[in-house]
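Student: Show me the folded form of this:
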Amino acid sequence: MKISIQELSKTYNGRDIFNAFSLEVDSGMRLCVCGPNGAGKSTLLRLIAGAETPDGGRVALPENCRLGHAEQEPDEASLDMPLLTYVLEVLHDWNEFWTTWEAAAAAKDEARLKELMRRQTELESLYGYNPEQRAKAALSGLGFTEAQWRRPLRSLSGGWRERAKLARLLTAGADALLLDEPTNHLDMEAVEWLESFLLDFRGALIFVAHDRIFMDRVGTHVLYLGLSKPVFRKTGYSRFLVMQEELEAQRRRGARVIQDEIRRKTAFVERFRAKASKARQAGSRQKMVKKLEKELEEIRPEPRRRQLNFSWPDPAPSEKVMLAVADLAFAFPDGKRLWPPLTFTLYRGQRVALAGRNGSGKSTLVKLLAGALERTEGGLVCSPRLRAGYYAQHQMETLRPEATVLAEIRRLSDPRSTEEELMSVLGLFLLGQEYFDRRTADLSGGEKSRLALAGLFLKRCNALLLDEPTNHLDIESREALAAALRKFTGALVIVAHDRWLLSQTGAEIWELDGNGLTLHENFAAWDAARGTSGASAQAPSGGSALSGREEQKRLRREAAEKRNALHREITPLQTRYAALETELGGVLTEQGEVETLLADPLVYADNARAGELLARFEAVRRRGDDILSAMTETEEKMAAVRGKYL
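Tutor: The predicted structure follows:
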């Protein structure tokens, strides 16, 4: 099976996206199409699928080639279907076969049943054995629970509908799959399941993605768009970057050699062209210069595209303890709780990545820390100088669609920002002058994400709370964000399903599940623990089953003993921490009251009264510092106790 792209040309707004481009994609090839936003990646997939017409050239597919491409949105009738029915509907031949089989069996029509047996063999070669099971496996792998299978498609959010479309596409079976950013709406576990599925796929795969680890694991070849011409390599994405850098370095060295030669020959021509005795040599060198200039044009390094490149402003000063959380709990209206009460402290400069399965409550916890959600129980105290910047998972939806880019950045930024600063920062986030008067509704997903990040940049935060900040960012912008986060010296709490980003931030991993928080030193340690836990979760087999059960009993008994010992040691510390937190809340309230009084001109004019209030303010401030220090000390003791038993 071979997809043949022959002399393909396509132009948008006077710009050549493709110009006489040719390529062949064979079965077993997993082609990663990458490059910056706007380079034509999605356009290429639509051209191959026949959803768009080329200006020149053609795409040749084998006869009867089954092409999988999830472009179309579900219609009204499909939206009312149960999820599983919607996914299975794509197997219309298979469904029709079983209806016919049941009718023939009921009529005891032996001739018809023999004919249907031959048809069953054909369908199994087309769809595989038991495609209904494949549909359920796809739904489970992409994160759907069995309870969701019966829900109508209409009841699902946009992101979950995208997952449903992907499950339907994978269930249908195909000789060639075209996937456009399939990881965008998936959590980490679903991405890893999809990786496994695609690694087992034997047809031709052409995919667009911005998840670097996914690109490396799945892709066997790279097609990079966005340079002067498409670049095709038989390698993974990371190796491709190394190869391109080596090639560009060679081109730069070659260009310098030719430029030096051109300068020498040009100098000779300028010096001797007027002398009759040297005119012939000067003319010869003039021809050589022209030839060298053509060579230089052919090996000239690719012009550098302007790419996102920024560093967060230096964070404002802050106390050592930025957030103190004691017995924090949250319950949904139906009473459901995602985890037991949580107690932890976020320190100045600390870097935390929240991890856990889909539905474990990572976004909920970030919302609670950001004040975007009211806690059900427990306490959360922020240091007086905390300036937190919150990037929500659906941050783009908070942008006003009719507002201009410049008006929106004014709303999002620090009120003290000047107009020049606003324009400068927009330029920094690749939203220069041509964007200032553009409506946010007319921006692409990546442009909206960069606008939201620009607003966060201008808030001059000393703590960042980021929930899926890479959604809709291309890979170059993701790498720029990772570089900026590495340099940020304030506190960071981040939720992301981009494994590469998590590995680059240098954050410790706080794994969240129904038992609470489990701490891992870094991404590598957490990733290794996931692999270990997956292996140990497998049930013993054969004659080892009995010993396996005994071992499990012993482990459960030891775990219970540890939990009891931990509870005995940590409860007094938690009680002390809660008391300190309550006291700190009262101190901060009193501090605010004194500040309000001092701001009153009449009070401030009374020297005796003002002096008394200033002394009281200083005493309250010192008491607050002492309480924060005591909380820090208590938190460190609790961490030591946990470390002893966990």
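Student: where does the stretch 51-200 of the chain dip in pLDDT?
Tutor: 71-72, 92-105, 109, 112-113, 115-116, 118-131 (pLDDT under 70).
Student: what do you get if the cut-off is 80, keeping everything else the same?
Tutor: 70-73, 90-133, 173 (pLDDT under 80).
Student: For it, which segments count as strands?
Tutor: 56-60, 67-69, 176-180 (DSSP state E, counting those that start in this stretch).
Student: Quick check: phi and psi on D327?
Tutor: phi 50, psi 40 (degrees, to the nearest 10).
Student: give the contact list for it.
Tutor: Counting by C-beta atoms under 8 Å, 6 or more residues apart in numbering, D327 touches 341-343, 377-379, 574, 578. All C-beta spots, glycine's among them, are computed from the backbone N, C-alpha and C.
Student: So which of the strands of the stretch 51-200 of the chain is the most surrounded?
Tutor: With neighbours taken as mean count of other C-beta atoms under 10 Å, the strands of the stretch 51-200 of the chain reach their highest mean count in strand 176-180, at a mean of 23.
Student: helices or strands up against it?
Tutor: Counting contacts by 3 or more C-beta pairs under 8 Å, 6 or more residues apart in numbering; DSSP states H and E, strand 176-180 is packed against helix 41-49, strand 67-69, helix 158-172, strand 204-208.
Student: 10 Å - rerun?
Tutor: With contacts taken as 3 or more C-beta pairs under 10 Å, 6 or more residues apart in numbering; DSSP states H and E, strand 176-180 sits against strand 2-12, strand 30-34, helix 41-49, strand 67-69, helix 158-172, helix 188-200, strand 204-208.
Student: Now render the ones you listed as a markdown table, adding distance to A107.
Tutor: Shown next, in a markdown table, are the helices and strands packed on strand 176-180 (distance: least, C-beta to C-beta, whole Å):
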| stretch | distance to A107 |
| --- | --- |
| strand 2-12 | 44 |
| strand 30-34 | 47 |
| helix 41-49 | 42 |
| strand 67-69 | 36 |
| helix 158-172 | 30 |
| helix 188-200 | 39 |
| strand 204-208 | 43 |
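Student: closest one to S503 among these?
Tutor: helix 188-200 (12.0 Å; C-beta to C-beta).
Student: which of the residues in stretch 285-297 are buried?
Tutor: 285, 288-289, 292, 296 (16 or more other C-beta atoms under 10 Å).
Student: and it, how far out from the chain's middle?
Tutor: 48 Å (C-alpha atoms, centre = their mean, to the nearest Å).
Student: Next, the contact list for L8, please.
Tutor: Residues in contact with L8, defined by C-beta atoms under 10 Å, 6 or more residues apart in numbering, are 17-23, 44, 47-48, 54-59, 230.
Student: quick one on the thing from earlier: out of the helices and strands packed on strand 176-180, nearest to T582?
Tutor: helix 188-200 (37.7 Å).
Student: Show residues contacting the closest one.
Tutor: 30, 134, 137-138, 140-144, 163, 166, 170, 177, 179, 182-184, 186, 205, 207, 209, 211, 213-214, 217-219, 355-358, 496-499, 502, 530.
Student: quick revisit: which among the contacts of L8 end up buried?
Tutor: Here, 16+ other C-beta under 10 Å leaves 17-18, 21, 23, 44, 47-48, 54, 57, 59, 230 buried among the contacts of L8.
Student: Tell me how many other residues crowd M188.
Tutor: If you count neighbours by other C-beta atoms under 10 Å, M188 ends up with 20.
Student: quick one: it from D625, how far?
Tutor: Going from M188 to D625 by C-beta to C-beta, to the nearest Å gives 40 Å.
Student: okay, the contacts of D327 in CSV with pLDDT, secondary structure and neighbour count next?
Tutor: Output for the contacts of D327, formatted as CSV (pLDDT from 0 to 100; DSSP: H, G, I helix; E, B strand; the rest coil; neighbours: other C-beta atoms under 10 Å):
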residue, pLDDT, secondary structure, neighbour count
P341, 91, coil, 17
L342, 92, strand, 19
T343, 91, strand, 22
E377, 88, strand, 12
G378, 87, strand, 17
G379, 87, strand, 17
Q574, 80, helix, 17
A578, 79, helix, 16
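Student: Format those as CSV; extra columns: distance to K10.
Tutor: As requested, the contacts of D327 are exported to CSV (distance: C-beta to C-beta, whole Å):
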residue, distance to K10
P341, 57
L342, 53
T343, 58
E377, 58
G378, 57
G379, 59
Q574, 64
A578, 64
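Student: and which of these is nearest L492?
Tutor: Closest to L492, out of all of the contacts of D327 and judged by C-beta to C-beta, is L342, at 18.2 Å.
Student: what pairs with the closest one across the strands?
Tutor: Counting by DSSP bridges, L342 is bridged to L328.
Student: list the contacts for it?
Tutor: 325-330, 361, 365, 368, 378, 510, 512, 516-517.
Student: TSV please, covering those and showing secondary structure.
Tutor: As requested, the contacts of L342 are exported to TSV (DSSP: H, G, I helix; E, B strand; the rest coil):
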residue	secondary structure
V325	strand
A326	strand
D327	strand
L328	strand
A329	strand
F330	coil
G361	coil
L365	helix
L368	helix
G378	strand
W510	strand
L512	strand
G516	strand
L517	strand
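Student: Let's see the PyMOL selection covering just the buried ones among these.
Tutor: Selection of buried members from the contacts of L342 for PyMOL, criterion 16+ other C-beta under 10 Å:
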select buried, resi 325+326+327+328+330+361+365+368+378+510+512+517
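Student: Of the contacts of L342, just say which sits nearest to R239.
Tutor: Taking the contacts of L342 together and measuring to R239 by C-beta to C-beta, the closest member is W510, at 32.7 Å.
Student: so that closest one makes contact with W339?
Tutor: No - using C-beta atoms under 10 Å, W510 makes no contact with W339, being 11.3 Å away.
Student: Common neighbours of the two, please.
Tutor: Common neighbours of W510 and W339 (C-beta under 10 Å, 6+ apart) are 356, 365, 516-517.
Student: Output the residues you listed as JSON lines; include the columns distance to S196 and pLDDT.
Tutor: As requested, those are exported to JSON lines (distance: C-beta to C-beta, whole Å; pLDDT from 0 to 100):
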{"residue": "G356", "distance to S196": "20", "pLDDT": "88"}
{"residue": "L365", "distance to S196": "29", "pLDDT": "94"}
{"residue": "G516", "distance to S196": "29", "pLDDT": "91"}
{"residue": "L517", "distance to S196": "28", "pLDDT": "92"}
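Student: Give me the pLDDT for V222.
Tutor: pLDDT recorded at V222 is 95.
Student: Can you name every helix or strand that the helix or strand it falls within contacts?
Tutor: For V222, the enclosing helix or strand under DSSP states H and E is strand 221-224. Contact here means 3+ C-beta pairs under 10 Å, 6+ apart; on that basis strand 221-224 packs against strand 15-26, strand 30-34, helix 41-49, strand 204-208, strand 231-233, helix 237-272.
Student: To M638, which of those lies closest?
Tutor: helix 237-272 (40.7 Å).
Student: Please name every helix or strand in contact with that closest one.
Tutor: Using 3+ C-beta pairs under 10 Å, 6+ apart, helix 237-272 sits against strand 30-34, helix 212-218, strand 221-224, strand 231-233, helix 279-299, helix 475-487.
Student: The same query, at a cut-off of 8 Å, please.
Tutor: helix 212-218, strand 221-224, strand 231-233, helix 279-299.
Student: contacting residues for the closest residue to E447 other than its chain neighbours?
Tutor: Residue nearest to E447 in three dimensions, not counting chain neighbours: L431, with 6.6 Å by C-beta to C-beta, 6 or more residues apart in numbering. With contact taken as C-beta under 8 Å, 6+ apart, L431 is in contact with 405, 447, 450-451, 454.
Student: could you dump those to JSON lines with distance to S383, secondary structure and pLDDT?
Tutor: Formatted as JSON lines, these follow (distance: C-beta to C-beta, whole Å; DSSP: H, G, I helix; E, B strand; the rest coil; pLDDT from 0 to 100):
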{"residue": "V405", "distance to S383": "34", "secondary structure": "helix", "pLDDT": "91"}
{"residue": "E447", "distance to S383": "35", "secondary structure": "helix", "pLDDT": "87"}
{"residue": "R450", "distance to S383": "30", "secondary structure": "helix", "pLDDT": "88"}
{"residue": "L451", "distance to S383": "29", "secondary structure": "helix", "pLDDT": "90"}
{"residue": "A454", "distance to S383": "26", "secondary structure": "helix", "pLDDT": "87"}
